[in-house]
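Engineer: What follows is a predicted protein model with its sequence.
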Amino acid sequence: MMNRRDFLAASSACVAMGASGLVADDADEPGIIDAHSHIWARDIKSYPLAEGMTLDDLKPPSFTTEELLELVRPHGVTRVVLIQHRPFHGVDNSYMLDSMKKYPGVFTAVACVDATQDDVTGEMTRLQKAGAGAFRITPSEDGTTPWTESDGVRAMWKHAGEHGMVICPLINPEHLPMADQMCEEYPDTSVVIDHFARIGGDGQIRESDLKNLAKLARHRHTHVKTSAFYAFGKKQAPYDDLIPMIRRLCDAYGPERLMWASDLPYQLNSDNTYPDSLALIQDRIDFLSPSDKQWLLRKTAARVYFGESDPA
Ligand SMILES: [Zn+2]
């Protein structure tokens, strides 16, 4: 976690970034959206932990809604997409839902459901009514059954496409062909691939993986999160080694289908900071125009996750 000195250093870096636009010093400028952060509560009476988890397992020990807001707001980030932290809170999405109620307009949520339950689509509808109309899925959603052969996962993709919900796959590069097949079969479903499909997680950014991720762009409703920079390539700020990958995705998807996200609190791993993540998009990529940056830093997430048809 960030110590106090890092936090102060990060805050002064933010003042320096004012010249690049898209920060809170312009009252007319809508703020940045961070399209991916987790939160967890230590109040486990109200928000029970997943089976087998104890308070000692939480690392960092605390990352509450309030700690998140305190960290992001000095950097011009006004809205955040919350992602259910399944290892800690299982499929109990109530901490995210309560945070949305507590801070209206600030958050939207990507929930987790049990794809093997009888009424998975009913559960999705209940969550959508409560404000969480996006769903995170992983390759092991239905045990070891691939998505293409899982009735539950298929029902999720179909239901999402019919009801304006979003499917958010957290996958590795080897799962891209499976995701491609699902996108092919459910072309109306809005999809957001997390964290570059984790290309470069082992340090190697492979052409064959990039090709597979770029291939998904032919489905109109697919998007990619350019995010979690601490986890890919050299895994070190300023993350310039990730720029060619972002360029490649920009060419394939266009900036209107890419969104920046931090993956807090994990962006704070080792000596990475929150402004390190923002700075890659804001300051270090010369092929992105100011308008392109608005899509990556706000408008794509506003459209996909906050339901704005014509985001400012
Ligand atoms: Zn994450």
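Structural biologist: Everything's here; your move. Everything numeric in this text was worked out from a predicted model, so none of it was measured. Numbering: from 1, shown residues only.
Engineer: Which strand or helix spans the residue nearest in space to the middle of the chain?
Structural biologist: With distances taken as C-alpha atoms, centre = their mean, the residue of the chain nearest its centroid is H36 (3.1 Å). Assigned by DSSP states H and E, H36 belongs to strand 32-37.
Engineer: can you give me the offset of that strand from its chain's centre?
Structural biologist: 7 Å (C-alpha atoms, centre = their mean, to the nearest Å).
Engineer: Show me what it packs onto, helices and strands only.
Structural biologist: helix 65-72, strand 77-83, strand 222-227, strand 258-261, helix 300-304 (3 or more C-beta pairs under 8 Å, 6 or more residues apart in numbering; DSSP states H and E). Every C-beta, even on glycine, is put in place using the N, C-alpha and C of the backbone.
Engineer: Run through the residues that contact the residue nearest to the centre of the chain.
Structural biologist: 81, 83, 194-195, 225, 227-228, 261-264 (C-beta atoms under 8 Å, 6 or more residues apart in numbering).
Engineer: Apart from its neighbours in sequence, what residue is nearest it?
Structural biologist: Setting aside the residues directly before and after it, H36 is nearest to A261 in space (C-beta to C-beta, 6 or more residues apart in numbering), at 3.3 Å.
Engineer: Against S289, how distant is the one you found?
Structural biologist: From A261 across to S289, the span is 20 Å (C-beta to C-beta, to the nearest Å).
Engineer: more neighbours, these two?
Structural biologist: A261 (26 against 10; other C-beta atoms under 10 Å).
Engineer: which ones are touching the more buried one?
Structural biologist: 34-37, 81, 195, 225-228, 301.
Engineer: Compare the residues you listed and tell me which is most surrounded.
Structural biologist: A35 (32 neighbours).
Engineer: pLDDT score assigned to it?
Structural biologist: At A35, the pLDDT value in this model is 98.
Engineer: How about the contacts made by it?
Structural biologist: Contacts of A35 (C-beta under 8 Å, 6+ apart): 81, 192, 225, 227, 259-261, 300-301, 305.
Engineer: Tally up the residues packed near N93, please.
Structural biologist: 25.
Engineer: If the closest residue in space to it that isn't next to it in sequence is in a bridge, with which residues?
Structural biologist: Spatial nearest neighbour of N93, excluding adjacent residues (C-beta to C-beta, 6+ apart): A111 at 4.4 Å. For A111, the beta-bridge partners are F135 (DSSP bridges).
Engineer: same question, V166
Structural biologist: In beta-bridge terms (that is, DSSP bridges), V166 pairs with A134, S190.
Engineer: quick one: it and C250, what's the gap?
Structural biologist: 21 Å.
Engineer: How about I39?
Structural biologist: 30 Å.
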